[in-house]
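Engineer: No sequence on hand, only this structure:
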């Protein structure tokens with residue numbers, strides 16, 4: 001169960017960073033915007049791992065001998081991408097008006113990585129539906145808090161959140177690889 005909490009934390013860091021950026025753009029804390037963005041981010045971050053999990057179940061028997069390597073590579077690539085992006089410019093700086101359409105696009109964009117991470121749910125032997133719910137709730141909470149922090153001048157946390165999330169994802173990938181190669 002601790003693995004799903006670490007996974008939820010790591011996956012929510014993209015949404016957390018974007019939420020901080022959205023809060024920075026505002027002229028004070030907007031509860032409606034914070035709730036809408038948290039709801040959308042939470043939904044997509046929770047739903048996409050389920051899609052990845054269902055895809056992995058479909059091909060599971062064909063790749064069973066090396067699935068741990070695939071999980072390691074996927075999580076390392078996602079984590080590496082998050083680390084790389086933490087040193088670049090933030091997407092939210094390019095957005096002038098935050099509309100529902102913009103929020104939807106941001107929610108989908110930040111959750112694409114979660115679909116690939118969902119592939120690892122079967123390797124971690126986690127209930128995919130409970131995992132989906134936990135990831136959604138954790139992301140909702142972090143997104144709402146991120147928006148609030150952003151309005152209070154927390155822009156310096158954006159890149160740090162992505163760095164931590166990237167490191168945790170790489171760590172989960174290493175854990176899977178070690179458990180399936182050295183310990184089996």
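Structural biologist: Ah, there it is. Because the structure is predicted, anything quoted here is derived from the model rather than measured.
Engineer: tell me the mean pLDDT for stretch 39-58?
Structural biologist: What stretch 39-58 shows for mean pLDDT is 90.
Engineer: Mind jotting down where the helices sit in this structure?
Structural biologist: 2-25, 31-63, 67-86, 100-118, 128-151, 157-181 (DSSP state H).
Engineer: With mean neighbour count as new columns, can those be given to me in JSON lines?
Structural biologist: For the C-beta atoms, the positions are set from N, CA and C on the backbone; glycine is no exception. Listed next are these as JSON lines, based on neighbours: other Cβ atoms under 10 Å:
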{"stretch": "helix 2-25", "mean neighbour count": "24"}
{"stretch": "helix 31-63", "mean neighbour count": "18"}
{"stretch": "helix 67-86", "mean neighbour count": "19"}
{"stretch": "helix 100-118", "mean neighbour count": "19"}
{"stretch": "helix 128-151", "mean neighbour count": "22"}
{"stretch": "helix 157-181", "mean neighbour count": "19"}
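Engineer: Report the separation between residue 54 and residue 124.
Structural biologist: 15 Å (Cβ to Cβ, to the nearest Å).
Engineer: can you check residue 73 too?
Structural biologist: Residue 73 is 16 Å from residue 124, by Cβ to Cβ.
Engineer: ditto for residue 71
Structural biologist: Taking Cβ to Cβ, one finds residue 71 at 9 Å from residue 124.
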